[in-house]
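[1] Need a 3D model of the following:
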Amino acid sequence: MAQSAGKKLKLTGLVAATFTPFTSQGEVNLSEIGPYIDYLTEKQGVNSVFVNGTTGEGMSLSVAERKLLAEDWCRKAKGKMEQVIVHVGCTSLKDSQELARHAVEIEADGIAVIAPSFFKPRSAESLRAYLQQVAAVAPTVPFYYYHLPALTGVNVPASDLLDGIETLIPSFRGVKFSGSDLLDFGQCISHVQLDWSVLYGVDEQLLAALVLGAHGAVGSTYNYLGSHMNKLLSAFESGNLAQARSLQFKMQELIRHAVKVGFDVGVNKQLMNEVSGLQLGPPRLPVMPCPQEHAVSIKQKYQHLFSTH
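    Predicted coordinates:
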């Protein structure tokens, strides 16, 4: 039986939002997950992952594929990584509940749920009610709300959602806050309970979130910039703001360059392929494969900014 949600380690530090490995034919490729785990832990110093989220194209996967991936990540990460958080959010409540039950079976370290984005909750009350229905089927697993208003169109402030949520969801343990509203983020931090984690998800603003009290960060760039962003965390914790700013500005320069040539999940995934040497394959439609010239341009900028240190 899984541990009580209260006994799990608090989620802190960098968490890589993983890409989903596909074959060239677009099928899930589990053979890359073992090498992927080794790359993150040994090369990047990243010891926790967020599986089947936006970076992992989770909403483009079938329920069966998401189960397959979650189970393989949990099995292969056992003894190698600290935490595997599985995103179980769907547009269907029943699908989310099915994935949440499965997360219990595979002993995931936590589950996260994004707001449904077709029929949208219009208030904190309706969003809390939806999340409660998912969490209720997996009461032993730490539960996180995945806040991503730019993609879901659900603009309920995360800080409003937290009001009384521990009563509805006793397993609630925090928020993956992937929004740029630092006022809302700060209000989440200021009302946080001792065993909760508020993790920031806008990589290029990590330092600002740390100043406000972020407990960690979940992001796609930590797949290939984890070692450098761990240095940023260390610099911030030691009071070396000059070094922390320097590293944050380098990341911002990389992302700004990437955005200029076109930076979506497909391009980001190809950059990971280029930098890591892993074979994670193309994205799944409707996301288009990365044009070769874009990948080369972004990799050159990456090497210019980060290869010397």
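
[2] Which parts of the chain are helices?
    Under the criterion DSSP state H, helices of the chain are mapped to 33-38, 63-77, 93-105, 124-135, 149-152, 158-161, 165-168, 182-190, 206-212, 222-237, 241-261, 265-276, 292-306.

[3] Just put the ones you listed in TSV and tack on mean pLDDT, distance to L14 and mean neighbour count.
    Quick note: C-beta positions are derived from backbone N, CA and C, even for glycine. Converted to TSV, the helices of the chain look like this (pLDDT from 0 to 100; distance: least, Cβ to Cβ, whole Å; neighbours: other Cβ atoms under 10 Å):
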stretch	mean pLDDT	distance to L14	mean neighbour count
helix 33-38	98	15	18
helix 63-77	98	15	19
helix 93-105	98	22	19
helix 124-135	98	25	19
helix 149-152	96	22	15
helix 158-161	97	20	22
helix 165-168	96	25	15
helix 182-190	97	17	18
helix 206-212	98	9	19
helix 222-237	98	5	21
helix 241-261	96	12	16
helix 265-276	95	15	22
helix 292-306	92	15	16
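
[4] can you give me the offset of stretch 23-30 from its chain's centre?
    21 Å (Cα atoms, centre = their mean, to the nearest Å).

[5] In contact with the closest residue in space to R122 that isn't next to it in sequence, which residues?
    Among residues not flanking R122 along the chain, V156 sits closest, at 7.8 Å (Cβ to Cβ, 6 or more residues apart in numbering). Contacts for V156 (Cβ atoms under 8 Å, 6 or more residues apart in numbering) come out as 115, 121-124, 127, 149.

[6] Taking the residues you listed, tell me the two that lie furthest apart.
    S123 and P149 (14.0 Å; Cβ to Cβ).

[7] To Q44, which of the helices of the chain lies closest?
    With Cβ to Cβ as the measure, helix 222-237 is the member of the helices of the chain nearest Q44 (3.2 Å).

[8] Stretch 74-87: which residues count as buried?
    Of the residues in stretch 74-87, 74, 76-77, 81-87 count as buried by neighbour count, 16 or more other Cβ atoms under 10 Å.

[9] tell me the phi and psi of the residue nearest to G58 when sequence neighbours are not counted?
    Taking Cβ to Cβ, 6+ apart as the measure, G58 lies nearest to N52, with 3.7 Å between them; neighbours along the chain are not counted. When read as degrees, to the nearest 10, the backbone of N52 gives phi 70, psi 30.

[10] picking that back up, among the helices of the chain, which comes closest to P286?
    With respect to P286, and counting by Cβ to Cβ, the nearest of the helices of the chain is helix 265-276 at 9.9 Å.

[11] and the nearest residue to D109 once chain neighbours are set aside, what are its bridge partners?
    Ranked by Cβ to Cβ, 6+ apart and with sequence neighbours excluded, the top spatial neighbour of D109 is Q83, at 3.9 Å. Following DSSP bridges, Q83 is listed with bridge partners S48.

[12] Report the contact partners of Q83.
    By Cβ under 8 Å, 6+ apart, the neighbours of Q83 are 8-9, 11, 15, 47-49, 109-110.

[13] which one of these sits closest to I33?
    V49 (10.0 Å).

[14] one step back: L210 versus the residue nearest to D109, what's the distance?
    20 Å (Cβ to Cβ, to the nearest Å).

[15] The residue nearest to G58 against L68, yeah?
    No: between N52 and L68 there is no contact under Cβ atoms under 8 Å: 10.2 Å.

[16] just to revisit the earlier point, distance to S60 added to the buried residues of stretch 74-87, as CSV?
    Below are the buried residues of stretch 74-87 laid out as CSV (distance: Cβ to Cβ, whole Å):
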residue, distance to S60
C74, 21
K76, 22
A77, 23
M81, 24
E82, 28
Q83, 24
V84, 20
I85, 19
V86, 16
H87, 13
